[in-house]
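Peer 1: sequence? don't have it. structure:
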């Protein structure tokens, strides 16, 4: 089996610096023209933040992926200081939000034919023991993995 090359969308999303961002559809076209066969999609705006993707946009993006023969090799959850996205946070609502974000990504993976989500285990916040942060991360991973399996991811 020949190796396929895949490229992450972050450089086209103005992350981590202030540069013009490109819509995901344009990124798919550009990467295909360069010769990539796969794409690792960052699950943040403007590319694939699940809460901002309408059903119609999800369908259209899948059509564009198929048209250009691009396989979604993996999905990378959004890390951020805004909503947080830290499964090891001492704030229960932040942990729950992050778990639900990952579950939403699992559903998106199923829709776009992706089999892999990268798991960000979170980070220890001052005042939280390493053991506690680890426990929260493992609990989150277990719940996320169950949902991911239900979506074939």
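Peer 2: Now that the structure is in, tell me what you want to look at. Predicted model, so just to flag it, every value in this text is computed and none were measured.
Peer 1: so what strands line up beside the helix or strand of the chain with the lowest mean pLDDT?
Peer 2: Across the helices and strands of the chain, mean pLDDT, DSSP states H and E gives its lowest value to strand 6-8, namely a mean of 91. Using DSSP bridges, the strands paired with strand 6-8 are strand 38-43 (parallel).
Peer 1: Centre of the chain to the partner strand, how far?
Peer 2: Relative to the centre of its chain, strand 38-43 is centred 7 Å away, using CA atoms, centre = their mean, to the nearest Å.
Peer 1: before we move on, what about stretch 145-153?
Peer 2: With CA atoms, centre = their mean as the basis, the distance from the averaged C-alpha position of stretch 145-153 to the chain average is 14 Å.
Peer 1: I'd like the mean pLDDT over that stretch, please.
Peer 2: Mean pLDDT, taken over the full extent of stretch 145-153, equals 98.
Peer 1: just to revisit the earlier point, moving C-terminal from the least confident helix or strand of the chain, which element do we reach first?
Peer 2: Going down the chain from strand 6-8, the next helix or strand is helix 24-34, by DSSP states H and E.
Peer 1: buried set for that following helix?
Peer 2: With burial defined by 16 or more other CB atoms under 10 Å, the residues of helix 24-34 counted as buried are 24, 25, 27, 28, 29, 31, 32. Placement of C-beta: from N, CA and C, glycine included.
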